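1. fold the stuff below for me.
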Amino acid sequence: MATNHKNIAETVWELIQPTVEAHECFLWDVEYLKEGTRQVLRITIDREEGVDIDHCEAIHRAIDPILDEADPIPVAYYLEVSSPGIERELRLPFHFEAAIGVTVDIKLFTAVDGVKQLTGTLTAYDAEAETITVDEHLLPLEKVSKANVHFDFE
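-> Below you'll find the predicted structure:
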């Protein structure tokens, strides 16, 4: 039987959210994926002031026994806890809401109005219509293959 990765991620989110918040952090993302031959449970945490390696280690130690006891994943997996980073991925509705007014990099599966990738300011997110607006481009989320906060390293 195939494992439903989305349901595992949602279950893990519910299991660990109170513990993450007790450590004065919040969940940015939970992903359960196959990378090569490995199954990976990737927990991404953040806080207003940012997170460092100590926060990641503390959360890892705190959630590991919770996951061991609940056993939501039927196979061996690697647990990773990290920050979303400066060029954080935008995947979930609250990611897009948090990034309004921020410069983003968008890649599309197929071109929309002749554009397949762009960098611009995220000016709107419409949850009901499932669209984002980047500068003057109205983009359906189903066409977005990747969205990240843009950071200019210069």
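
2. and stretch 32-42, which residues are buried?
-> Within stretch 32-42, the residues scored as buried using 16 or more other Cβ atoms under 10 Å are Y32, Q39, L41, R42. Every residue, glycine included, has its C-beta placed from N, CA and C.

3. what do you get for stretch 141-153?
-> Neighbour counts over stretch 141-153 (16+ other Cβ under 10 Å) mark L141, K143, V144, A147, N148, V149, H150 as buried.

4. contacts for it?
-> When contacts are taken as Cβ atoms under 8 Å, 6 or more residues apart in numbering, the neighbours of stretch 141-153 outside the stretch itself are 86-91, 95-96, 99, 102-110, 112, 119, 130-132.

5. quick one, strands of the chain?
-> If you assign secondary structure with DSSP state E, the strands in the chain sit at 26-35, 38-46, 78-82, 103-112, 115-126, 131-134, 137-140, 144-149.

6. filter the contacts of stretch 141-153 down to the buried ones, PyMOL style.
-> Selecting just the buried residues from these in PyMOL takes one command, with 16+ other Cβ under 10 Å as the test:
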select buried, resi 88+89+90+91+95+96+99+104+105+106+108+112+131+132
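
7. turn the buried residues of stretch 141-153 into a markdown table, including distance to E57.
-> Putting the buried residues of stretch 141-153 into a markdown table (distance: Cβ to Cβ, whole Å) gives the following:
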| residue | distance to E57 |
| --- | --- |
| L141 | 34 |
| K143 | 38 |
| V144 | 33 |
| A147 | 29 |
| N148 | 25 |
| V149 | 25 |
| H150 | 29 |
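
8. now, which of these sits nearest Y125?
-> Within the buried residues of stretch 141-153, proximity to Y125 (Cβ to Cβ) peaks at L141, which comes in at 8.8 Å.

9. so how far is P93 from the closest one?
-> In this structure, L141 lies at 9 Å from P93, with Cβ to Cβ, to the nearest Å as the measure.
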